[in-house]
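*Asks:* The following comprises the amino acid sequence and a computationally predicted model.
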Amino acid sequence: MANGGEQFREVRRRLEEWRRQSGGRGRRIPAELWSAAAAVARREGVSATATALRLNAARLRRSMGEEPCGTEFVELDPREVSASSQIVVRLIGADGEQLWLELPGPIDLVALVGSFWQR
């Protein structure tokens, strides 16, 4: 989120305006602002968005309809993944960081997932 983007700048402006008008800390942020922040977080990641907008990451995740999840086991049958299959992998860390890959063929998922969790 180096330069933000127009949507991010608009949400930040709206949040800053709301904080000035409402007194900010200790007040409930309106649902429409959470929704706008969630839209940014879907593109930029929860952790980065929460930090940049000074929001609670867990609350932002809930406003996205996502709860922090633990590690889940997914078994893949290698016979079902052929060399011509497209593979989509989406990993979400407890900190909200995301890795989303669309690959044209087989990969070493154990190594990929291990690298993501150990970062």
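*Replies:* Noted; the coordinates are in hand.

*Asks:* which residues sit against stretch 7-25?
*Replies:* 1, 4, 29-30, 33, 36-37, 39-40, 43-44, 49, 52-55 (Cβ atoms under 8 Å, 6 or more residues apart in numbering). C-beta coordinates here come from the backbone N, C-alpha and C atoms, glycine included.

*Asks:* Widest-spaced pair of the residues you listed?
*Replies:* Farthest pair in the contacts of stretch 7-25 (Cβ to Cβ) is 1 and 30. Separation: 22.5 Å.

*Asks:* sorry, back to before: now the contacts of stretch 7-25: which count as buried?
*Replies:* By neighbour count, with 16 or more other Cβ atoms under 10 Å, those hold 29, 33, 36-37, 39-40, 44, 49, 52-53, 55 as buried.

*Asks:* Give me the subset of the contacts of stretch 7-25 lying in helices.
*Replies:* Among those, the members found in helices (DSSP state H) are 33, 36-37, 39-40, 43-44, 49, 52-53.
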